[in-house]
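In: show me the folded form of this:
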Amino acid sequence: MDSDSDRSKSVEESKVDHLSEFSISEITGGVLPFVRPIFTPSKKFIIILTSLELRVYLFATRQCVKSIPLDTTDIVDIYLNKDDKLWVARKTGLVSIIDLESKSIEKEINFDIPIIKIIDIVSEDRFIFLVGKLKSTIKIVDLHKNIDEEAESFDTQVIASVKHSRGWAISHSGKCFALSSLKDKIETIHVGGLDNDYKLAGDIANVQRTRWSASLAVSNDGILAVGSLSGVIDVYYNVFNDSGKHSQPHALKWHIDAVSALSFSLDNNYIISGGKERVLAFWQLETNRSQLLPRLNGDILSITVDSSNELYALYLSNGEMIVLSAIDLMSRLQVAGLNADFVRLPARKKYKNVEDNYKVPDFTAPHYINPLTGHSYIPTASGSSIQIYDTVQDQQVSTFAIASTIQTGKVRVEKQITDPKVKHVAFTKDGKWMATVDEYLPPQLEGLLSANDKQVNLKFWKYNQADGKWALTTRVAFPHGNGKSILDIVSADSSFHKGHAFLTCCENGGIRLWRPEVLREIQTPKGAKNAAPTRHISWAVRKVLPPLASNSSGASIAWSSDSSMIILGFETTLYVVDAASFEIVRVLPNILGSRVRWLKIVDSHLIVLAKTRLVVYDLVNSKCKWSIRLISNQNGGRLIDVDPSNGLIALAANCIKLPDSTLESRIFLLSTESPVPIYTTTHSVPISNISYVPGSSTPKFRLLDTNSRLITLQSTADSDADAAAQADIIDGFEASLGALYSKQQSKPVVKAVDFDSVTHLVTVDSFDDVFEDSELGVASMSALFDKVLGVLSGPAPSK
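Out: So this is what the prediction gives:
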């Protein structure tokens, strides 16, 4: 037994010894900042600010043609001047001037005022800004650079100022503005116009309203549109008459809830509006007619019109930006960040005066990796769909619905109707099959008989490599009985029916084995070339382990690599299940002391995360190798994963950083042999998920943080190997081109044949031995072919 233990230990040490240092190799994803995009004058490009960089997209190909890495913290506005220099403004007052050709920052100017929007860059020494803070004072200022002084400073002239501000709007030309304020429950909207030299063209009109606004828009002609919280759009045509005191609005009614986005067309003939209904509305002011574009992917938060009035850019609540053509309302471009479904997000406050035993809240989110493509699969915040994200291209591949939902937005009482939620996602080892679990709980409405009837669906999807889409093959309603939730699902190893099998674990401790079966096979028509028969495959349950006890939230399962053993963790007990007979063969010693959260088998080691402890148990020697005290939340299994080929455990722990009293996270890499970390690092924000990336020669993990960014943690040996492999590919390609060029330039050389040196002659009698076999009648064609080749090749050379 000792020799086996020593041999096992040496194998584990050899796995760890070859690993070098780890590092963060790439950071992708994130949420699109709420910054309006810029259409270039040529209408061929659009400039969009992402969470990590500035990107220039070409409409013709819908691809990013240029990216500029940039710290996007506190950026509030971007502006393209006449010299094609991009001005990036931060709310701190720092403005960066970027050359798009060289992708470099040419200059930085600190105006030392909180900037909201760049209205115009008149010259190198004069700037028109909207500055201040909402719920405080906002101003339109004219800044002049002091040329005489050595230190850079600016003279500030206030054009307009409003206290107790609630919102603002600037016309497309920048010559009309609307600033709203709220005092004593009375909202006042201050509307003014500017001349060509950015001086007030007249008195500022004050429009008082008792119906609070949700959005503002002002046209180049001074027409004011106010979107209210109740859904009514009030249009003021004669706002400058009598300073706006007696101006009567014209009401546009369609929206049911608050109008969150408003904009005028450049010709002032249309008003474009949007809100929580997820419908884009076009209002023709002369005829009062409206046109609707329904079923967008999220609530509309902002609308940007390009300078030619041919394109509209919409920013949606799901962090997605869509560019529509004004002619046919078809999508020209779609850019999205990550839309993860977090349990909760950290508050902006600092965590001061917390006790030593303070439990950090649950900030986790589900995240899965397809072993075939390496793409991240993220259940979205809406809950009923999955977002597929490519971390190599740093862009969304697609989204697809797992369960049917209401396509339109929800307003008022409709918000009580929740969408189905994706609870679990699992892939087979080859990535060709995917299993999902979704749940739906009807709303708690009065008099609704199905208020407590929870619906659970297990679905099996087949991946089509031709179009890259998933097709639903089987849907199983209530796979473990009426109203019973599935708490865990795992796939089989490739050794078990090619890995095409799944295990599901119910909240009552029951386990079921699911495998596909061919229902029928439709033969292809005669004459069809290279067409395989169409198979209709359905998944069905093959084996069942009966429930253990009453329902519990602490249940998890693990499947050994040889598919012979299943470990079931239920409450505080670990059961060993024979995968062949589906019977419990023994119960492991009580090594947890608290409710189980997550299980995994690596070689002969069982790794268990419980509520208060992380344990590594040796299944061969039946002893606990090591355990550490660790407090985990209900979804603590999302913060741990293992690399089975290298025996590494990746663990993330969220904690409070002192003395700053802010949240941060720590990532640990451990071996199954020792609780002493092999590698540790810290991250500035909490981690929400950590997942092993399959298919790597050395360890690689992908982390999701609360900023919706995907972080790749891998061995530097892997990074160096990838770089070397890329260099080898380039060198090999260049060498192949050189060799090909040399062959094209060289003349062919024909080798002369010396007939006197030919000693092996083939005649008619040479094939007599081929037909002497009495069993030729039942011989295969391959055997006959081998005999003929033997005659033609001649006798074997003598040694």
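In: what number of residues lie near Ile667?
Out: Residues lying near Ile667 (other C-beta atoms under 10 Å) number 23. All C-beta spots, glycine's among them, are computed from the backbone N, C-alpha and C.
In: one more: Gly30?
Out: Residues lying near Gly30 (other C-beta under 10 Å) number 20.
In: check contacts around the residue nearest to it when sequence neighbours are not counted.
Out: Nearest non-adjacent residue to Gly30, counting by C-beta to C-beta, 6 or more residues apart in numbering: Ser51, 2.6 Å away. Counting by C-beta atoms under 8 Å, 6 or more residues apart in numbering, Ser51 makes contact with 29-33, 72, 337, 707-709.
In: and the buried ones among those residues, selectable in ChimeraX?
Out: In ChimeraX, a selection of the buried entries from these looks like this (16 or more other C-beta atoms under 10 Å):
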select :29,30,31,32,33,72,337,707,708,709
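In: nearest to Leu130 among the contacts of Ser51?
Out: Nearest to Leu130 among the contacts of Ser51: Pro33, at 17.6 Å, using C-beta to C-beta.
In: who's in contact with the closest one?
Out: Pro33 neighbours (C-beta under 8 Å, 6+ apart): 49-51, 72, 75.
In: give me the pLDDT for the nearest residue to Ile116 once chain neighbours are set aside.
Out: Of all residues not flanking Ile116 in the chain, Leu130 sits nearest, at 4.5 Å (C-beta to C-beta, 6+ apart). Looking at Leu130, its pLDDT reads 97.
In: list the beta-bridge partners for Leu130.
Out: Going by DSSP bridges, Leu130 is paired in beta bridges with Lys117, Ile140.
In: and it, how many neighbours?
Out: Residues lying near Leu130 (other C-beta under 10 Å) number 22.
In: contacts only, for it.
Out: 115-117, 119, 138-141, 168, 170, 177.
In: can you list the domains in this structure?
Out: The domain map for the chain lists 418-443+455-519+536-587, 758-793, with the assignment taken from automatic domain parsing.
In: pLDDT weak spots in this protein?
Out: In the predicted model, the chain carries pLDDT under 70 at residues 1-20, 149-150, 242-246, 348-357, 407-408, 445-451, 519-535, 717-799.
In: quick one: the helices in it?
Out: When assigned using DSSP state H, the helices of the chain occupy the ranges 2-17, 716-745, 781-793.
In: still on that earlier bit, is it possible to get TSV of the domains of the chain that adds distance to Arg332?
Out: Below are the domains of the chain laid out as TSV (distance: least, C-beta to C-beta, whole Å):
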stretch	distance to Arg332
domain 418-443+455-519+536-587	22
domain 758-793	58
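In: include distance to Asn288 and mean neighbour count when you put these into a markdown table, please.
Out: Compiled in a markdown table, those are given as follows (distance: least, C-beta to C-beta, whole Å; neighbours: other C-beta atoms under 10 Å):
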| stretch | distance to Asn288 | mean neighbour count |
| --- | --- | --- |
| domain 418-443+455-519+536-587 | 35 | 18 |
| domain 758-793 | 83 | 10 |
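In: for Ser604, which of the ones you listed is the nearest?
Out: Closest of those to Ser604 is domain 418-443+455-519+536-587, at 9.0 Å (criterion: C-beta to C-beta).
In: picking up where we left off before, most neighbours among the contacts of Leu130, which one?
Out: Tallying neighbours with other C-beta under 10 Å puts Ile140 at the head of the contacts of Leu130, with 27 neighbours.
In: in contact with Ile68, which residues?
Out: Contact analysis of Ile68 by C-beta under 8 Å, 6+ apart lists 53-55, 98, 100, 103.
In: please pick the buried ones from those.
Out: 53-55, 98, 100.
In: for the contacts of Ile68, which one is nearest Asp299?
Out: Arg55 (23.6 Å).
In: gap between the closest one and Gly29?
Out: Distance, Arg55 to Gly29, using C-beta to C-beta, to the nearest Å: 14 Å.
In: with Asp419 instead?
Out: To Gly29, Asp419 is 23 Å away according to C-beta to C-beta.
In: ok, Ile189 next?
Out: Here Ile189 is placed at a distance of 39 Å from Gly29 (C-beta to C-beta).
In: can you tell me the centre-most residue of the chain?
Out: Leu338 (3.6 Å; C-alpha atoms, centre = their mean).
In: quick one: Tyr463 and Lys432 touch, right?
Out: Yes: look at Tyr463 against Lys432 with C-beta atoms under 8 Å: they come within range, at 5.2 Å.
In: mutual contacts of the two, please.
Out: Counting by C-beta under 8 Å, 6+ apart, the residues touching both Tyr463 and Lys432 are Leu372.
In: strands of the stretch 501-650 of the chain, residue ranges please.
Out: Taking DSSP state E, counting those that start in this stretch, the strands of the stretch 501-650 of the chain run over residues 502-506, 511-522, 534-545, 555-559, 565-570, 573-578, 583-587, 596-602, 605-610, 613-618, 623-629, 640-643, 648-657.
In: same question for the stretch 101-250 of the chain.
Out: Under DSSP E, counting those that start in this stretch, the stretch 101-250 of the chain gives strands at 104-110, 115-123, 126-132, 138-145, 154-162, 165-170, 176-183, 186-193, 205-209, 213-218, 224-228, 232-236, 250-253.
In: deepest in the core, which of the ones you listed is it.
Out: Neighbour counts (mean count of other C-beta atoms under 10 Å) averaged over each of these peak at strand 224-228, with a mean of 25.
In: list the neighbouring strands of it plus their orientation.
Out: The pairing partners recorded for strand 224-228 under DSSP bridges are strand 213-218 (antiparallel), strand 232-236 (antiparallel).
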